[in-house]
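Novice: Return atomic coordinates for the entry below.
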Amino acid sequence: MTPNLTAFTGVDSQNLPDVMVSVQFILAIGDNFIDKKLRKKTINDYRKSITDLLKNVQILHDERIFLGDISSENVLVDPETNLVSFVDLEQSVFLEDHSKIAFFARTEGFFDENTPFLAPIAQDNQQLAYLLISFFCRGNMFLLIDHSGAMTINFFK
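Specialist: All right, here's what the predicted structure looks like:
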């Protein structure tokens with residue numbers, strides 16, 4: 001099975017609200033935890049989306065594909081199925097053994113100052129972790145102030 005990859009060349013996916021729904025909107029909790037029925041559905045929706053996200057990233061990494069910019073702006077969730085798609089794939093590359101990655105533009109709030117020094121797959125995994133944090137809280141917003149990531153980690157202590 002291959003992940004749902006959607007590449008847009010010259011199209012700003014942020015301006016296509018009727019076609020795509022960004023992770024940050026589809027996974028918004030809101031009042032869904034007050035009502036027991038909605039809470040159970042919301043938890044199941046989260047579980048399905050997160051499981052699909054992790055599975056798709058693993059499939060790409062198993063194929064030695066480096067995404068380079070995993071963030072809420074580049075991951076979309078189908079509101080009907082809660083399945084994940086990736087967009088803005090211009091930076092994605094196939095990795096050869098021991099490949100070095102050139103500079104990559106990343107979405108602010110989803111990387112820290114150490115990210116460029118990690119191995120390519122580890123860079124994606126770190127950005128994936130910041131994305132998962134963003135699903136549940138604003139902890140990764142500390143990255144806008146402290147680029148080391150220490151404030152974000154301390155938020156959870």
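Novice: is it true that residue 87 touches residue 76?
Specialist: Yes. If you go by Cβ atoms under 8 Å, residue 87 and residue 76 touch, sitting 6.0 Å apart. C-beta: built from backbone N, CA, C; applies to glycine.
Novice: Which one of those two is surrounded by more residues?
Specialist: residue 76 (24 against 19; other Cβ atoms under 10 Å).
Novice: Work out the gap between stretch 72-90 and the centre of the chain.
Specialist: 9 Å (Cα atoms, centre = their mean, to the nearest Å).
Novice: Now the helix or strand where residue 129 lies: average pLDDT?
Specialist: For residue 129, the host element (DSSP states H and E) is helix 120-136. Average pLDDT, helix 120-136: 89.
Novice: for it, packing partners?
Specialist: Applying 3 or more Cβ pairs under 8 Å, 6 or more residues apart in numbering; DSSP states H and E, one finds that helix 120-136 makes contact with helix 23-26, helix 36-62, strand 65-66.
Novice: how far away is residue 62 from residue 136?
Specialist: As judged by Cβ to Cβ, to the nearest Å, residue 62 and residue 136 stand 27 Å apart.
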